[in-house]
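1. Fold the stuff below for me.
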Amino acid sequence: MVVGEMAEPVEVLVVGGGPGGYTAAARAAELGKEVLLVERSNLGGVCLNVGCIPSKVFTTAAHDLARSARLPVQGAQLQPRIDLSGLQAWRKQVVDRLVGGVSATLGRVRVVSGAAFFLDEHRISVESGDHVQHFRFEQAILATGSQPIELAALPVDGTRVFDSTGVLAFDEVPPSLVVVGGGYVGMELGMAFAHFGTRVTVVEATDRLLAGFDPDLVQVVTDRAGELGIDIRLGTTAVGVQADNLLVRSEGIDDQVPAHAILVAVGRGPVTDDLQLDMLGLTVTATGHIPVDEQGRTALPHVYAIGDITHGPALAHKAMAEGVVAAEAISGLPSAIDAQVPLIAFTDPEIAAVGLTAEQAEEQGYEVVVGRSSFATSGRAVVLGEADGMVKIVVDAETDVVLGVHMVGPSACDLIAQAAVAVETACRAEDLVAIIHPHPSLVETVHAAAVAARRRAARRRNR
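-> I've put the predicted structure just below:
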C-alpha cells in the first residue's frame with residue numbers, strides 16, 4: 001500500500017461468496033451491519049457453480065434413468081437415454097437461476113469482485129486485473145472455501161485426469177471411468193456415470209467406502225454398486241498413468257485399469273494460502289485449517305472463519321450454519337455452532353446420518369438400544385420400486401433420548417431433516433412414536449424404527 005493512500009472504511013468484511021460467505025453477509029446486513037463481500041470468482045462459490053448443485057443435476061438424471069428402467073414392471077413403457085449436452089444445458093439453467101437467487105439475498109450487501117490479500121490486522125487489498133482497492137475493516141469473516149486435493153502421481157490435466165469440476169463439464173459419456181477415492185463425491189459421480197452406461201471402477205486406498213457412515217448402510221450402497229457393474233477395489237492405491245491405463249498397487253502387486261477418463265476425488269483442502277494470513281497475524285494448522293471457537297472466532301477477536309477453512313466436514317450446510325453464527329456473534333447475539341451436522345450422500349440409494357452411531361455412543365459411555373426398520377415395509381417405497389435400505393435409530397437406553405439416526409434408501413437426504421430435529425432437540429424415541437406420520441409415505445420408516453427402538457428398550461427393562 002502506497003504511503004498516504006486512503007483505505008475505505010467498512011464495518012464487516014466477508015471474504016468469499018460461497019454458501020457460508022453469502023449467508024453470513026446477508027445475516028449481518030439483516031442485523032443492521034454495513035457489509036462488504038469480496039468474491040474472486042462467482043457468487044455461490046464452488047457448491048453452487050461447479051460442485052454440489054451441478055453434481056445433483058447429474059445424480060438426479062441418473063436416478064430418473066434408474067426409475068425409468070423399472071417402469072415396464074409398473075405398466076409404463078419408455079425408452080430413456082442420456083444426452084449429456086442436454087444435461088449440461090439444464091445444469092446451466094439451474095445454476096443461473098440459483099445464482100440470481102443469491103444475488104437477490106444480497107440486496108443490502110456491497111459486493112466487490114477480486115482477489116483479497118490482507119495487509120495487516122485491519123486492512124485488506126482487493127485486486128481485479130489492474131484495478132486495486134483498499135479497505136479498512138472493523139470485523140471480518142473468512143469464508144474462502146476449499147479446493148480438490150491433488151495427487152502427485154495423478155496431476156489433473158483436463159485431458160485424461162480430471163477433478164470433479166472437470167467431470168461435471170463432460171458433454172459426452174466416456175466408455176470407462178476410474179474413480180480414485182471412495183468418498184461421497186467419488187461414489188455419487190461414479191454411480192451416476194454407471195447409470196449413464198459408463199464402465200466404472202472405484203479405487204479406494206482404505207478398506208471401506210464412504211468413511212463416516214454406518215457400515216450397515218454402506219453395505220447397501222456397495223451392493224447396489226455391484227449390481228451396476230462397478231468394480232470396487234479397496235486397499236488399492238493409484239500410482240500413475242500409462243497410456244490408456246491407470247496404474248494401481250494393492251498389497252505390493254501392481255496392476256493396470258483401463259481408463260478413458262480418471263476422476264481424482266480424494267477429498268478437499270482449505271483455500272487459505274493466497275490470503276496472506278501472516279500479514280493478518282493468523283496461523284493455520286498443518287492441513288491449512290484455521291482454528292476457531294464455538295462462534296467461529298479465530299485467535300484474533302475481530303476475525304472469524306467459517307466453512308471449509310475450519311475443521312470438520314466440508315459441507316455447504318455446515319458453512320451456512322456457521323455463517324449465521326458468526327454474523328450473530330459479531331452483532332452481539334449469544335449464538336454458537338452446533339456439532340450436530342447431518343451427513344448426506346446422493347448415492348444410489350441415498351445415504352444420510354446425524355448424531356452418534358451405536359459404536360460412538362458406547363465409546364462415550366452410553367448404554368444404547370438400536371431400532372431398525374426396512375424400507376421394504378414401506379408401502380410408498382414398494383410402490384416406487386425403491387424398497388432397498390433401512391433406518392437405524394440409536395437411543396440412550398436410560399433416558400430414551402435419540403442420540404443418532406442413520407438411513408439409506410429413497411429420499412434419505414431429505415428424510416434426515418426430521419432426524420436432525422430429533423437429535424438437536426434431544427427428542428425421546430417415545431416422542432417420535434407419538435407423532436402421527438402420513439400414510440403411505442417414506443417417513444413412516446423413521447416412525448417404524450422409533451417403534452422398534454421402544455420395543456427393544458422395553459425388552460431390555462424387563463430382562
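2. Which residue ranges of the stretch 151-300 of the chain form strands?
-> Listed in chain order, the strands of the stretch 151-300 of the chain (DSSP state E, counting those that start in this stretch) span residues 161-162, 176-180, 199-204, 231-234, 237-242, 245-250, 253-258, 261-264, 268-270.
3. Including mean neighbour count and distance to residue 410, could those go into JSON lines?
-> The way it works is simple: take the backbone N, C-alpha and C, and place the C-beta from them, glycine included. Converted to JSON lines, these look like this (neighbours: other C-beta atoms under 10 Å; distance: least, C-beta to C-beta, whole Å):
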{"stretch": "strand 161-162", "mean neighbour count": "23", "distance to residue 410": "30"}
{"stretch": "strand 176-180", "mean neighbour count": "26", "distance to residue 410": "24"}
{"stretch": "strand 199-204", "mean neighbour count": "23", "distance to residue 410": "22"}
{"stretch": "strand 231-234", "mean neighbour count": "16", "distance to residue 410": "22"}
{"stretch": "strand 237-242", "mean neighbour count": "16", "distance to residue 410": "33"}
{"stretch": "strand 245-250", "mean neighbour count": "18", "distance to residue 410": "33"}
{"stretch": "strand 253-258", "mean neighbour count": "13", "distance to residue 410": "32"}
{"stretch": "strand 261-264", "mean neighbour count": "25", "distance to residue 410": "26"}
{"stretch": "strand 268-270", "mean neighbour count": "20", "distance to residue 410": "28"}
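4. For those, could you give me TSV that also reports mean pLDDT and distance to residue 424?
-> Below are these laid out as TSV (pLDDT from 0 to 100; distance: least, C-beta to C-beta, whole Å):
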stretch	mean pLDDT	distance to residue 424
strand 161-162	98	38
strand 176-180	99	34
strand 199-204	99	32
strand 231-234	98	34
strand 237-242	96	39
strand 245-250	97	42
strand 253-258	96	43
strand 261-264	98	35
strand 268-270	96	26
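5. can I see the domain layout of this protein?
-> If you go by automatic domain parsing, the domain ranges for the chain are 8-147+269-330, 161-266, 349-461.
6. Out of those domains, which is closest to residue 340?
-> Nearest to residue 340 among those is domain 349-461; the distance by C-beta to C-beta comes to 5.4 Å.
7. quick revisit: I'd like to know which of the strands of the stretch 151-300 of the chain lies nearest to residue 69.
-> Of these, nearest to residue 69 by C-beta to C-beta is strand 199-204, at 16.9 Å.
8. Could you check the angle that closest one makes with strand 176-180?
-> 10 degrees (axes from the mean of the first three to the mean of the last three C-alpha atoms, to 10 degrees).
9. export strand 199-204 as CSV, just CAs?
-> Extracted as CSV, the C-alpha positions of strand 199-204 are listed here (Å, rounded to 0.1, in the frame of the first residue of the first chain):
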residue,chain,number,x,y,z
ARG,A,199,-17.9,-48.9,-17.2
VAL,A,200,-16.8,-47.6,-13.7
THR,A,201,-14.0,-48.7,-11.4
VAL,A,202,-13.6,-47.2,-7.9
VAL,A,203,-10.1,-47.3,-6.4
GLU,A,204,-10.0,-46.7,-2.7
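10. The lengthiest strand in the chain pairs with which strands, and in what direction?
-> Longest strand in the chain, counting residues (DSSP state E): strand 131-142. If you go by DSSP bridges, strand 131-142 pairs up with strand 8-15 (parallel), strand 123-128 (antiparallel), strand 303-305 (parallel).
11. if I look at the residue lying closest to residue 138 once chain neighbours are set aside, how far off is residue 124?
-> Closest residue in space to residue 138, ignoring its immediate chain neighbours: residue 11 at 5.2 Å, by C-beta to C-beta, 6 or more residues apart in numbering. Taking C-beta to C-beta, to the nearest Å as the measure, residue 11 and residue 124 are separated by 13 Å.
12. ok, the two, which is more surrounded?
-> residue 124 (25 against 15; other C-beta atoms under 10 Å).
13. pretty sure the more buried one contacts residue 137?
-> Yes: judged on C-beta atoms under 8 Å, residue 124 makes contact with residue 137 at a distance of 6.5 Å.
14. so what sits against both of these two?
-> residue 13 (C-beta atoms under 8 Å, 6 or more residues apart in numbering).
15. Pull the contacting residues for residue 269.
-> Contact analysis of residue 269 by C-beta under 8 Å, 6+ apart lists 146-149, 287-288.
16. In helices, which of those fall?
-> Using DSSP state H, no member of those falls in helices.
17. ok, of these, which come out buried?
-> 146, 148 (16 or more other C-beta atoms under 10 Å).
18. right, and the pair among the contacts of residue 269 with maximum separation?
-> For the contacts of residue 269, the maximum inter-member distance is 14.4 Å, found between 148 and 287 (C-beta to C-beta).
19. how far away is residue 322 from residue 418?
-> In this view, residue 322 and residue 418 are 22 Å apart by C-beta to C-beta.
20. Those two: which is more packed in?
-> Neighbours per residue, other C-beta under 10 Å: of residue 322 and residue 418, the larger number sits with residue 322, 28 against 17.
21. mind listing what that one touches?
-> For residue 322, the contacting residues are 20, 24, 296, 306-307, 310, 337, by C-beta under 8 Å, 6+ apart.
22. report the longest helix in the protein, please.
-> Taking DSSP H as the criterion, the chain has its longest helix at helix 84-105.
23. Who are the packing partners of that helix?
-> Counting contacts by 3 or more C-beta pairs under 8 Å, 6 or more residues apart in numbering; DSSP states H and E, helix 84-105 packs against helix 19-30, helix 45-50, helix 52-70.
24. Mean neighbour count, those: which tops it?
-> With neighbours defined as mean count of other C-beta atoms under 10 Å, the helices and strands packed on helix 84-105 peak in mean count at helix 19-30, which reaches a mean of 27.
25. Direction included, what does the very next helix or strand once past that one pair up with?
-> On the C-terminal side of helix 19-30, the closest following helix or strand by DSSP states H and E is strand 35-39. Strand pairing for strand 35-39, determined by DSSP bridges: strand 8-15 (parallel), strand 110-113 (parallel).
26. So for strand 35-39, mean pLDDT?
-> Strand 35-39 shows an average pLDDT of 99 in the prediction.
27. and what of stretch 140-151?
-> If you average the pLDDT over stretch 140-151, you get 97.
28. Now do that stretch: distance from first to last residue.
-> End-to-end distance of stretch 140-151: 33 Å, with C-alpha to C-alpha, to the nearest Å as the criterion.
29. same deal with stretch 140-147?
-> Per C-alpha to C-alpha, stretch 140-147 runs 22 Å from first to last residue.
30. contacting residues around that stretch?
-> Against stretch 140-147 from outside (C-beta under 8 Å, 6+ apart): 12-18, 20-21, 24-25, 28, 45-46, 124, 268-272, 275, 290, 296, 298, 302-309, 314, 319, 323, 326-327, 330.
31. Which positions in that stretch come out as buried?
-> 140-146.
32. Closest one of these to residue 462?
-> residue 146 (50.4 Å).
33. unless I'm mixing things up, residue 330 is touching residue 25, no?
-> No: at 11.1 Å, residue 330 does not count as touching residue 25 under the criterion of C-beta under 8 Å.
34. so what sits against both of these two?
-> Taking C-beta under 8 Å, 6+ apart as the contact rule, residue 330 and residue 25 both touch 12, 141.
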